[in-house]
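Chemist: need a 3D model of the sequence below.
(chains A and B, ligands or ions: 2)
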Amino acid sequence: MNQSRIIPWIGFGLGALYFLIPLIATFEFSMRMERGTYSFKAYRIVFADPGFQASFAYSAVIAVLTIIVGVALVVPTAYLVQLKLPRLRPVVEFLTLLPLVIPAIVIVFGYLRMYNSSSILPLTGSARGTDLLLIFAYVMLSLPYMYRSVDTALRTIDIRTLTEAAQSLGSSWPRIMLQVILPNVRVGVLSGAFLTFAIVIGEFTMASLLNRPAFGPYMQLIGANRAYEPAALAIIAFAVTWACMGLIQLVASLSPGSKR
Amino acid sequence: MAFLSISRLTKTFGTNTTVKGADLEVERGEFLTLLGPSGCGKTTILRMVAGFETPTSGTIRIDGKDVTDLKPHQRKIGMVFQAYALFPNMSVRDNIAFGLKVAHRSASEIDARVKEMLELIKLPQLADRYPYQLSGGQQQRVALARALAIKPQILLLDEPLSALDAKIRVSLREEIRALQRQLGITTIFVTHDQEEALSMSDRICVMSEGRIEQLGTPFEIYNYPKTRFVASFVGTLNILRGKVTDGAAGRVQIDGQEVVTNRGLNGASTGDEVAVALRPEALSIGRANGQSNNLDGVIDEVHFLGSVVRIRVRFSDTAVSLDTFNRPNAAPPERGQPITVNFGREDILVLEGPAH
Ligand SMILES: Nc1ncnc2c1ncn2[C@@H]1O[C@H](COP(=O)(O)OP(=O)(O)O)[C@@H](O)[C@H]1O
Ligand SMILES: [Mg+2]
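Modeler: Ligands and ions are numbered 1, 2, ... in the order given. All right, here's what the predicted structure looks like:
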């Protein structure tokens, strides 16, 4: 290895250690529930806990609904902005980045003021209404990731010409969206979807303040009351996130038409 | 009445008028080419016919029916783009079937039509490939099949060959023309390549800056260009400065030597400065007698182009290029040699407008 390669490798090694040491330590700790021997007991307890199952299932359902609403909102928007309103693009990009700048707690207090039980639209008055509010909040939280990945995918195809080709073959707008545009941005949509899934599964602030039985508040509850289980939960949450990242890579490499 | 009839068609983008009152009639089964430099408004006309742009004013009629305000998907027009525009997520078969599925044809009818189209473009073995697995030429043939599958009333092609290699370009243009004849489909072809236009078209519509300069057969456009623009855009042209010495007899002086034209002076009269056009292939080396014109000059440059040798001949203050065939057993002409070129009275064309 020559001189010029050593420095980057040292940097990379330090970064990896910074990331891996706490992870390994947490993992090691999560295995020490039984005195004197390594075991998966903490994991067994976590998986067997009805609270874990219920909150994880709740968050997973919310995540899937968030993804559906998000895709239905973002794909047509990004498409129309690119095709018809290219001048609006910086504005839309700025808007989609706002959730990164505005703290979730601010947004949630805003929601509570806007949609409380004495407002015109009393969403927080019922559990289903609050679920809906939570989904919309998550759609907004995931906007930076969803919009970016869809927008990037749209930029790799010539949407104007494809749209015109479909139109001249007699196609209407819904068919163009579903059969021509969506399949060609599938990779972008899926990577946005997996990122959204990872975000929603781990989100705490909004779920907690809206008092929903989600996975984030459950992790917090366990963390405050137990010793070994939180470490196991942290590792599980990591595994979910990594599985999502792995799926993004997999989808990107398997899709037909991507090997150009 | 013509099958496609465009009248007083105008398109303005902001403050920029791209198409300025175009009138055009295309007969049923005709192959018409819009030819002009980049930016002259060819694509805009095509897109208005397809319905992708709304004309600022003017009308478009197809088969007697006013389609000016119809949406693109209501027009039954086949379109082929420079960038192929095949749907990347669909196989060749599905691409060709797309328009038929949109029209809710039966599965058996779609199968039969797709098969027929694949035979037509001579790619039956590639039905299950995806666009990214095809060469540019193959993609463009599939795009053509996709456009033709729905039996459109009119086929529009916007520079379909520009993205291809020179060799494929030539073979595909012959193929497109043969297909068009076989199907008898009314076609508008857009190109900036005069060779393509001359070799493929029934008629050529030469455009410049949003206006139609001249409409005619390739023969008319090449041999009888009406304007200086058409003369210089179509084919290689030598333009010389001349002065009319005898308007009635068609006598023109070029660099102190007199020549005669029998093609009229395009409105110029005795004493006027005019621009005179000569095609390189009209010029021959040597002195000719009788009715021909002769000009004496000196060889300025010799370019060996393979089958043809292009020679530049300088007179006292202008120069012309001429082409001769390469002959392996004759020594090529050399720079600095004196030379006489001759050409017929019908080969010299006085262009409209002042000389410059
Ligand atoms: N959508 C548009 N908005 C603004 N200007 C346009 C638009 N489409 C074309 N133009 C302008 O119209 C002129 C002619 O364009 P085009 O018809 O594409 O020419 P051609 O196909 O002959 O190269 C160009 O100057 C181009 O910039
Ligand atoms: Mg063009």
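
Chemist: ok, and the closest non-adjacent residue to residue A:223?
Modeler: residue A:230 (4.0 Å; CB to CB, 6 or more residues apart in numbering or on different chains). For glycine as for every other residue, the C-beta is placed from the backbone atoms N, C-alpha and C.

Chemist: which ones are touching the one you found?
Modeler: A:219, A:222, A:223 (CB atoms under 8 Å, 6 or more residues apart in numbering or on different chains).

Chemist: ligand 1: which of those residues is nearest?
Modeler: residue A:219 (52.8 Å; CB to the nearest ligand atom).

Chemist: does residue B:346 really touch residue B:264, like I thought?
Modeler: No: between residue B:346 and residue B:264 there is no contact under CB atoms under 8 Å: 10.8 Å.

Chemist: element containing the residue nearest to residue A:223?
Modeler: Counting by DSSP states H and E, the element that carries residue A:230 is helix A:229-254.

Chemist: just the buried residues of that helix, please?
Modeler: A:229-237, A:240-241, A:244, A:248, A:251 (16 or more other CB atoms under 10 Å in any protein chain shown).

Chemist: residue contacts, the residue nearest the centre of chain B?
Modeler: By CA atoms, centre = their mean, chain B has its centre lying nearest to residue B:197, at 2.8 Å. Residues in contact with residue B:197 (CB under 8 Å, 6+ apart) are B:33, B:35, B:189, B:191, B:204, B:218, B:234.

Chemist: doesn't residue B:253 belong to a strand?
Modeler: Yes: according to DSSP: H, G, I helix; E, B strand; the rest coil, residue B:253 belongs to a strand.

Chemist: if I look at it, how far off is ligand 1?
Modeler: For residue B:253, the distance to ligand 1 equals 39 Å [CB to the nearest ligand atom, to the nearest Å].

Chemist: contacting residues around that residue?
Modeler: B:242, B:243, B:244, B:245, B:259.

Chemist: count of neighbours near the closest residue to chain A within the stretch 251-356 of chain B?
Modeler: Going by CB to the nearest CB, chain A is nearest to residue B:306 of the stretch 251-356 of chain B, at 36.1 Å. Using other CB atoms under 10 Å in any protein chain shown, residue B:306 has 6 other residues around it.

Chemist: residues contacting the nearest residue to it once chain neighbours are set aside?
Modeler: The shortest distance from residue B:306 to any non-neighbouring residue, by CB to CB, 6+ apart, is to residue B:326 (6.9 Å). When contacts are counted by CB under 8 Å, 6+ apart, residue B:326 is found next to B:304, B:306, B:307, B:308, B:309, B:332.

Chemist: how about residue B:149?
Modeler: B:96, B:97, B:99, B:100, B:113, B:114, B:117.

Chemist: what's the burial count for residue A:96?
Modeler: 21.

Chemist: make that residue B:265, sorry
Modeler: 20.

Chemist: just checking, it touches residue B:250?
Modeler: Yes: checked against CB under 8 Å, the pair residue B:265 and residue B:250 is within contact range at 6.4 Å.

Chemist: check contacts around the residue of chain A found nearest chain B.
Modeler: Residue nearest to chain B within chain A: residue A:169 (3.5 Å; CB to the nearest CB). When contacts are counted by CB under 8 Å, 6+ apart, residue A:169 touches B:73, B:98, B:99, B:102, B:146, B:147, B:150.

Chemist: so the residue nearest to the centre of chain B is in which element?
Modeler: According to DSSP H and E, residue B:197 maps onto helix B:194-200.

Chemist: alpha carbons of that helix, in CSV - could you do that?
Modeler: What follows is helix B:194-200, C-alpha atoms only, in CSV (Å, rounded to 0.1, in the frame of the first residue of the first chain):
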residue,chain,number,x,y,z
GLN,B,194,-30.1,17.8,-46.0
GLU,B,195,-28.8,14.4,-47.2
GLU,B,196,-31.5,12.6,-45.2
ALA,B,197,-34.2,14.9,-46.5
LEU,B,198,-33.1,14.7,-50.1
SER,B,199,-32.8,10.9,-50.1
MET,B,200,-36.1,10.0,-48.2
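
Chemist: between the contacts of residue B:253, which is closest to residue A:154?
Modeler: residue B:242 (58.0 Å; CB to CB).

Chemist: ok so the closest one is a strand residue?
Modeler: Yes: according to three-state DSSP, residue B:242 belongs to a strand.

Chemist: wait, does the helix holding residue B:197 make contact with ligand 1?
Modeler: No: using CB under 6 Å from any ligand atom, helix B:194-200 never reaches ligand 1; the gap is at least 12.9 Å.

Chemist: chain center to that helix, what's the gap?
Modeler: 5 Å (CA atoms, centre = their mean, to the nearest Å).

Chemist: where does the prediction get shaky in chain A?
Modeler: Residues of chain A meeting the criterion pLDDT under 70: A:1-3, A:255-260.

Chemist: what residue in it comes nearest to ligand 1?
Modeler: residue A:160 (10.1 Å).

Chemist: tell me the secondary structure of residue A:76, please.
Modeler: helix.

Chemist: measure it to residue A:104 for me?
Modeler: 26 Å (CB to CB, to the nearest Å).

Chemist: same check on residue B:165?
Modeler: Where residue A:104 is concerned, residue B:165 sits at a distance of 56 Å (CB to CB).

Chemist: ok, now residue B:332?
Modeler: With CB to CB as the criterion, residue B:332 and residue A:104 are 82 Å apart.

Chemist: so for these two, which residue has more residues nearby?
Modeler: Neighbours were counted for residue B:332 and for residue A:104 using other CB under 10 Å; residue A:104 has more, 18 against 11.

Chemist: got the contact list for the residue lying closest to residue B:257 once chain neighbours are set aside?
Modeler: In this structure, residue B:257 finds its nearest non-sequential neighbour in residue B:295, 5.4 Å apart by CB to CB, 6+ apart. Contacts for residue B:295 (CB under 8 Å, 6+ apart) come out as B:254, B:255, B:257, B:259, B:313, B:315, B:320, B:340, B:341, B:342.

Chemist: what about the residue of the stretch 51-200 of chain B found nearest chain A, which helix or strand?
Modeler: Chain A sits closest to residue B:99 of the stretch 51-200 of chain B, with a gap of 3.5 Å, by CB to the nearest CB. In this structure, residue B:99 sits in helix B:92-102 according to DSSP H and E.

Chemist: for residue B:212, name its beta-bridge partners.
Modeler: residue B:207 (DSSP bridges).

Chemist: burial check on it, number of neighbours?
Modeler: 22.

Chemist: ok, it touching residue B:205?
Modeler: Yes: if you go by CB under 8 Å, residue B:212 and residue B:205 touch, sitting 5.7 Å apart.

Chemist: if I look at those two, which residues touch both of them?
Modeler: residue B:24.
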